[in-house]
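**Q** Predicted model and sequence follow; I will ask about them next.
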Amino acid sequence: MGPRDQDTPGHRRAWGWVAHLHEGGATPWRDWTSEGEARGRMLPGAQQLELLRRLNSAGSPTPELIERTLTASAPGRGRSDLELLGAVEPLAFGPPPVDPGDLRDDELLRVAAGLLAEDVVAAGLPPAHPPTFVRPWRTRYRLQGDPELADPIREQLVARGRPPGGRGSTVLVLGDRLDRMVVDAWTASCFDEGAAAWGTWLGSRARRRALPHRIDLAHVARTWAGRVGHDRVRIVLDPAAVPRLVGVRRPFTLPGDVPADGVELARRIAAMLGLLVPRDLRRALLRHTVRPRLAAQPGPRLAVSPEHTEWLQRRAVRMGEGIRRAGYPVLGDPDRLLPAPADHDRVVEPSDAGALALAVRLLLGDDGKEWL
């Protein structure tokens, strides 16, 4: 907020509210009447003050968190720090002062995600495992398809000394129900470079009737068949078959489901991390530091709304027909591609309000977890 050094009743009222929040109070700005002395040259922004009020309402923020919240910026898309309605006179230009209680959850979430991103960077990555001897007699493979299946399995195989690739590799294209793969594609993006909001992301694909490339199994198989030959491509719709196909006995551990609001929060944290660390480190922090904590949070998993079921049903049928016509070996039931029947009671979508509530819990440490 820009400096306003006028000694006015509105200004003194604002500083009184700042002191109230600093001491753990949670009275909304519109209900606050007492005055106080200035604590600095500039009043904190409305977003920061309202976020601190929410933190106070939910728990007991530490003195460090209080100071960090009051001095945080509001990065990313959206309005810059906003002034308090009634504390200052509106300027002829720029955003008008606001009542913090009228701010959208999205405005507060930008500040909260920035604070969480700083926490994640401070926590760093889990201790790295020592390099594993690469087994020269390993089965040669490549894993493609659903990123929530292929990526973690590949990572575990690398840790076991079995990296992908090599002469004569068999390409395993992993898949599941198409509605689940759509959710997996968005989830993987949120824990990588980020993505558009769920509704925007899915709506754009539904209008164009276009699936993300990684989960269009027929397209993936066709692409790899052109590179390595048709006889070295397999469609795998049964995850339990993967260990045998890649030459190991131990089963793989797939990452736990992250609740819908947790994925939305990861998407917001990803955007903030992009301002703090290089691309590769951002991806590693999201996958190995952020995801385990979010996966431990309660809440329902994201589900595609029934309005998209018919489109996904047609695409799943077309995908299955394409795979059968091409003659790729299929491990598992081909009908597994079909989405779950439409269920209006099963619709779960992320919300700014839910993501903000989760962010507040994490900032307060009320989930009983640590980043590492």
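**A** Right, received. Where do you want to start? Numbers count the residues shown, from 1 in each chain.
**Q** Contacts only, for Ala353.
**A** Residues near Ala353 by CB atoms under 8 Å, 6 or more residues apart in numbering: Asp105. (Glycine included, C-beta is placed from N, CA and C.)
**Q** Next: Phe191.
**A** Val263, Ala266, Ala270, Arg283, Leu286, Arg287, Val290, Arg291.
**Q** can I get the residues you listed in CSV with neighbour count and distance to Trp224?
**A** As requested, the contacts of Phe191 are arranged in CSV below (neighbours: other CB atoms under 10 Å; distance: CB to CB, whole Å):
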residue, neighbour count, distance to Trp224
Val263, 26, 28
Ala266, 29, 29
Ala270, 23, 29
Arg283, 16, 23
Leu286, 22, 27
Arg287, 19, 24
Val290, 27, 31
Arg291, 20, 28
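**Q** Can you pick out the most distant pair from those?
**A** Val263 and Arg283 (15.4 Å; CB to CB).
**Q** can you dump the C-alpha coordinates of stretch 125-132 into PDB?
**A** Extracted in PDB, the C-alpha atoms of stretch 125-132 (Å, rounded to 0.1, in the frame of the first residue of the first chain):
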ATOM      1  CA  LEU A 125      13.900 -31.600  -0.800                       C
ATOM      2  CA  PRO A 126      14.000 -34.900   1.100                       C
ATOM      3  CA  PRO A 127      17.500 -36.400   1.500                       C
ATOM      4  CA  ALA A 128      18.600 -38.000  -1.800                       C
ATOM      5  CA  HIS A 129      19.200 -41.700  -1.900                       C
ATOM      6  CA  PRO A 130      22.700 -42.800  -2.900                       C
ATOM      7  CA  PRO A 131      23.100 -43.600  -6.600                       C
ATOM      8  CA  THR A 132      22.100 -47.100  -7.500                       C
END
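**Q** what's the average pLDDT for that stretch?
**A** Stretch 125-132 shows a mean pLDDT of 85 in the predicted model.
**Q** next one: stretch 175-195
**A** In the prediction, stretch 175-195 has an average pLDDT of 95.
**Q** ditto for stretch 347-366
**A** Stretch 347-366 comes out at a mean pLDDT of 95.
**Q** same question, stretch 263-280
**A** 96.
**Q** what comes up buried for it?
**A** Buried residues in stretch 263-280, counted by 16 or more other CB atoms under 10 Å: 263-274, 277.
**Q** same question, stretch 38-56
**A** Here stretch 38-56 shows 43-56 as buried, counting by 16+ other CB under 10 Å.
**Q** if we can go back for a sec, export the buried residues of stretch 263-280 to CSV and tack on secondary structure?
**A** Shown next, in CSV, are those (DSSP: H, G, I helix; E, B strand; the rest coil):
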residue, secondary structure
Val263, helix
Glu264, helix
Leu265, helix
Ala266, helix
Arg267, helix
Arg268, helix
Ile269, helix
Ala270, helix
Ala271, helix
Met272, helix
Leu273, helix
Gly274, coil
Val277, coil
